[in-house]
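Novice: Starting from these lines, generate the structure:
(chains A and B)
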Amino acid sequence: MTEASLNEPLLRVEDLRVEFPTEDGVVHAVDGISYDVRAASTLGIVGESGSGKTVAALTAMGLTRRAGARISGRILFEGRDLLALSEEEMRRLRGNEIAMIFQDPLSSLHPLYTVGAQIVEAIRAHRDVSKAQCRARAIELLELVGMREPDRRVDEYPHELSGGMRQRAMIAMALANEPRLLIADEPTTALDVTVQAQVLALLERLRRELSMAIVIVTHDLGVVADIAADVAVMYAGRIVESGPAARLLSAPEHPYTWGLLRSIPTLTGPRARRLEPIPGSPPSLIERPSGCHFHPRCPYAQPDHARIDPRLEPVPGEPDHRVACLLEPPLRHDLWAQLRAGGTAAQALSATTAGVPEAPA
Amino acid sequence: MTGYIVRRILWGVVLLVLVSALTFVLFRILPTAEPARLRAGRGASPATIAALRRDLGLNKPLVVQLWLYMKNLFLHFELGYSYHSNASVRSLIFERLPATVSLTLGAAVVWLAVGLPVGIVSALRRRSRLDRASMGVALVLVSAPEYWLGLIVLYLFAADIGQVKVFPGSGSYAGLTSDPWKWLTSLLLPWLVLAASFAAVYARLMRSSLIETMGEDYIRTARAKGLTERRVVMRHGVRAAINPIMTIFALDVGTLLGGAILVETVFDIPGIGRLSYDAITHADFPIIQGTVLLVALFIVVANILVDIAYAYVDPRVRYS
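Specialist: Numbers count the residues shown, from 1 in each chain, chains lettered A, B, ... in the order given. The predicted structure follows:
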């Protein structure tokens, strides 16, 4: 790696679009998203199921090509456009420079091979190393991810391990070739809460020790708060808000992010506030709502929000914090202040409109 | 594991006892020809028939007959003697077994060699023209009756009656040890005919099993590891997809080893199927009894073998 490239992001996604033609119409799974991942840092991509976050991750691995996806935009990894690579070039990159782990480690590991055999296979897919050396390396990797008795575990089958151990085995397999980037798709969703915390701590330790960047895809803002330096919130195939995690979680700008934050139970909030789920369900990605895609579910939407398509723009005074929302920044600020004080969406709305005489009727 | 196998074998023996008792009773209760009358020939006097009944043991009560039969079978492995020819049923079966084994195993090789690759390619190129064409042909072969297909093939290719005289025709079977070349050539057509419908079934089974497997999460993982697509398909997809097919294969081979009646009859191959067919036309109970028991034995053994094999190919299956 040259000095100049140190300032370049490790991964830069520019205006990525992924569409799947189906019998019912074109599914706009990813609709023009852009983000950067800096070397050795963690980006969290957050959204409900069906927001396109997993498709975006799989596309970076070149794993949506086979499914007949129409892909446009650029995915620059260390300056190379992955979308322009041949399938064979992409294969050499997968599991080698970019690795991926998945939601359900039991179904993601092959049931008929031992954990060790699967790690050995991952190494030998990219390196000409003897099986004995690979086995030694597999044991070393299992130890690295915190498995006790790695020399015994290496010969066990996935079904013989607990859920947390399976995800550790998946992580060990992903790390086999010391990737520069690890994409983790809901890595903790299928695990018990205590195990979730362990796996997140493991990922964070590995990121530091191996100076590996992580993209963590999750529906859980709690996970993001634990581990991510930067966050992108996705809704209906688009990024609706992005920025440094500390800033975005403490001063969120988008009503959808507010909804996500307010649907997390917390023991340490300002008071025992009620959980407030986001009304409605995620929109169809075939027939998307007009204007701001979130307007049918947004308590604060105004009539012209159904017409105008918001752009992702920096928040005034915060160049790194970007949001795609049609509400005026001062109004957003007041609304969030009301919500944070424990008000419901309706209370926040009446309080703020009363105080802002020129607000549209 | 050993305990499990022993239990399975004991159960298999119990099953065989039940099957032999059941066939014994069934064939004697069903309204069928009187064996002694058939044996005695046309116009035999009632005295001759009565004497024959006594000789064959048919005058004893059914329960006594059953008891004697079961005793001979399970203590002396004796299947009795043909009503028709007086030959020992056991030696008849051993005489006929090589032809049936040759026919079955050869056909099994053919149907696996054709069916599995076709199924794999169809699964990988789902909805392609190749897939549609293969599955269309498979449907025709599944639907074509063996005897019909056998006659068509003989009409086209048999050395005696064929339009293109390439292969030896019906009744040309020779044992492997007596004339290997003749054995091979005479079995080619029967192998193809017997394998046709099985190849079609196995292509469809392999196709659906592999399509399902290729949608599994672990296939996505295999791709994410950067494996070549060939390795993803063969080592991860086919390896998992083939397990259920193995079960069906063992049962099919077991059943066929008990006699492929239609193909053996059309091609006049002196196998177990032919033996059963002739025995049925002569109401030759001991032989029918023997061949039915043979089929049951093969199926029971195939089942046990499948269960044991499963423990080796699928680590999730553990017997305690």
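Novice: Which element, helix or strand, includes the closest residue to B:D307 other than its chain neighbours?
Specialist: In space, and not counting its chain neighbours, B:D307 is closest to B:R8: 6.4 Å by C-beta to C-beta, 6 or more residues apart in numbering or on different chains. The way it works is simple: take the backbone N, C-alpha and C, and place the C-beta from them, glycine included. Assigned by DSSP states H and E, B:R8 falls within helix B:2-29.
Novice: try B:A240
Specialist: Using DSSP H and E, B:A240 falls in helix B:239-241.
Novice: For the next helix or strand after that helix, what is the distance to the chain centroid?
Specialist: Going down the chain from helix B:239-241, the next helix or strand is helix B:243-257, by DSSP H and E. On the basis of C-alpha atoms, centre = their mean, to the nearest Å, helix B:243-257 sits 9 Å off its chain's mean C-alpha point.
Novice: Need the CA coordinates for helix B:243-257. CSV is fine.
Specialist: In CSV, the C-alpha atoms belonging to helix B:243-257 read as follows (Å, rounded to 0.1, in the frame of the first residue of the first chain):
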residue,chain,number,x,y,z
ASN,B,243,-27.7,-38.2,0.0
PRO,B,244,-31.5,-38.6,-0.4
ILE,B,245,-30.9,-40.2,-3.8
MET,B,246,-28.6,-42.8,-2.2
THR,B,247,-31.6,-44.1,-0.2
ILE,B,248,-33.8,-44.5,-3.2
PHE,B,249,-30.9,-46.1,-5.1
ALA,B,250,-30.4,-48.9,-2.5
LEU,B,251,-34.1,-49.7,-2.4
ASP,B,252,-34.4,-49.8,-6.2
VAL,B,253,-31.4,-52.1,-6.6
GLY,B,254,-32.8,-54.3,-3.8
THR,B,255,-36.1,-54.6,-5.5
LEU,B,256,-34.6,-55.3,-8.9
LEU,B,257,-32.3,-58.0,-7.5
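Novice: Which pLDDT does the model give A:P357?
Specialist: Here, the pLDDT recorded for A:P357 equals 45.
Novice: again, but for A:R274
Specialist: 67.
Novice: before we move on, what about B:A250?
Specialist: The model's pLDDT for B:A250 equals 92.
Novice: and the helix holding B:A240, what other elements does it pack with?
Specialist: In terms of contacts (3 or more C-beta pairs under 8 Å, 6 or more residues apart in numbering or on different chains; DSSP states H and E), helix B:239-241 is packed against helix B:180-214.
Novice: show me what contacts the closest residue to chain A within the stretch 51-200 of chain B?
Specialist: Per C-beta to the nearest C-beta, B:L124 is where the stretch 51-200 of chain B lies closest to chain A, at 10.7 Å. Contact analysis of B:L124 by C-beta atoms under 8 Å, 6 or more residues apart in numbering or on different chains lists B:210, B:214, B:233.
Novice: Compute the number of surrounding residues for residue 122.
Specialist: You didn't pick a chain, so chain A it is. A:A122 has 28 neighbours, counted by other C-beta atoms under 10 Å in any protein chain shown.
Novice: Hmm, no, I was thinking of chain B.
Specialist: 25.
Novice: what secondary structure does the residue lying closest to B:A279 once chain neighbours are set aside sit in?
Specialist: Excluding the flanking residues, the one nearest B:A279 by C-beta to C-beta, 6+ apart is B:I287, at 3.6 Å. Recorded secondary structure, B:I287: helix (DSSP: H, G, I helix; E, B strand; the rest coil).
Novice: where's B:V140, which helix or strand?
Specialist: helix B:129-143.
Novice: for the record, mean pLDDT for that helix?
Specialist: Rounded mean pLDDT across helix B:129-143 is 93.
Novice: what helices or strands is that helix leaning on?
Specialist: Using 3+ C-beta pairs under 8 Å, 6+ apart: helix B:129-143 touches helix B:89-124, helix B:180-214.
Novice: need the ones you listed in a markdown table with mean pLDDT, can you?
Specialist: Compiled in a markdown table, the helices and strands packed on helix B:129-143 are given as follows (pLDDT from 0 to 100):
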| stretch | mean pLDDT |
| --- | --- |
| helix B:89-124 | 95 |
| helix B:180-214 | 94 |
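Novice: between those helices, which gets nearest to A:Y35?
Specialist: The minimum distance between A:Y35 and the helices and strands packed on helix B:129-143 falls on helix B:180-214, with 30.9 Å, by C-beta to C-beta.
Novice: Quick one: residues contacting residue 145.
Specialist: Picked chain A for this. Applying C-beta under 8 Å, 6+ apart, the residues near A:V145 are A:168-169, A:171-172, A:175, A:202, A:206.
Novice: if you could check chain B rather than the one you did, that'd help
Specialist: B:L262.
Novice: any idea how far it is from B:G271?
Specialist: According to C-beta to C-beta, to the nearest Å, B:P145 stands 19 Å off from B:G271.
Novice: again with A:G243
Specialist: 79 Å.
Novice: When the two are compared, which one has more neighbours?
Specialist: More crowded of A:G243 and B:G271, by other C-beta under 10 Å: B:G271, with 31 against 23.
Novice: My read is that that one contacts B:E264, right?
Specialist: Yes. Using C-beta atoms under 8 Å, B:G271 is in contact with B:E264, at 4.6 Å.
Novice: got any residues that touch both of those two?
Specialist: B:99-100, B:103.
Novice: Quick one: find the helix or strand in chain B with the lowest mean pLDDT.
Specialist: One helix or strand of chain B scores below all others by mean pLDDT, DSSP states H and E: helix B:35-40, with a mean of 75.
Novice: From the contact counts, what lies against that one?
Specialist: Looks like helix B:35-40 contacts helix B:46-56 (3+ C-beta pairs under 8 Å, 6+ apart).
Novice: so after the helix it packs on, what's the next helix or strand?
Specialist: Downstream of helix B:46-56, the first helix or strand assigned by DSSP H and E is helix B:62-76.
Novice: Just want the angle from that next one to helix B:2-29.
Specialist: 140 degrees (axes from the mean of the first three to the mean of the last three C-alpha atoms, to 10 degrees).
Novice: what are the phi and psi angles of whichever residue of chain B sits closest to chain A?
Specialist: In chain B, no residue comes nearer to chain A than B:G226, which is 3.5 Å away by C-beta to the nearest C-beta. For B:G226, the backbone dihedrals (degrees, to the nearest 10) come out as phi 90, psi 20.
Novice: what about the nearest residue to it once chain neighbours are set aside, distance to B:G271?
Specialist: Nearest residue to B:G226 in three dimensions, chain neighbours excluded: A:G95, at 3.5 Å (C-beta to C-beta, 6+ apart). According to C-beta to C-beta, A:G95 stands 53 Å off from B:G271.
Novice: how about the residues of chain A that lie near chain B?
Specialist: A:61, A:63, A:66, A:91-96, A:99-100, A:102, A:104, A:107-112, A:114, A:121-122, A:125-126, A:157, A:159, A:170, A:173 (C-beta under 8 Å from any C-beta of the partner chain).
Novice: Provide a list of residues in contact with the residue lying closest to B:L116 once chain neighbours are set aside.
Specialist: Closest residue in space to B:L116, ignoring its immediate chain neighbours: B:M206 at 5.2 Å, by C-beta to C-beta, 6+ apart. Applying C-beta under 8 Å, 6+ apart to B:M206 gives the contacts B:115-116, B:118-120, B:122-123, B:241-242, B:245.
Novice: quick one: the helices in chain A?
Specialist: Remark: helices assigned in chain A by DSSP state H are A:53-60, A:87-93, A:105-108, A:115-124, A:131-144, A:150-153, A:163-175, A:193-210, A:221-227, A:245-250, A:255-262, A:329-340, A:345-355.
Novice: I'm done for today, thanks for sticking with me.
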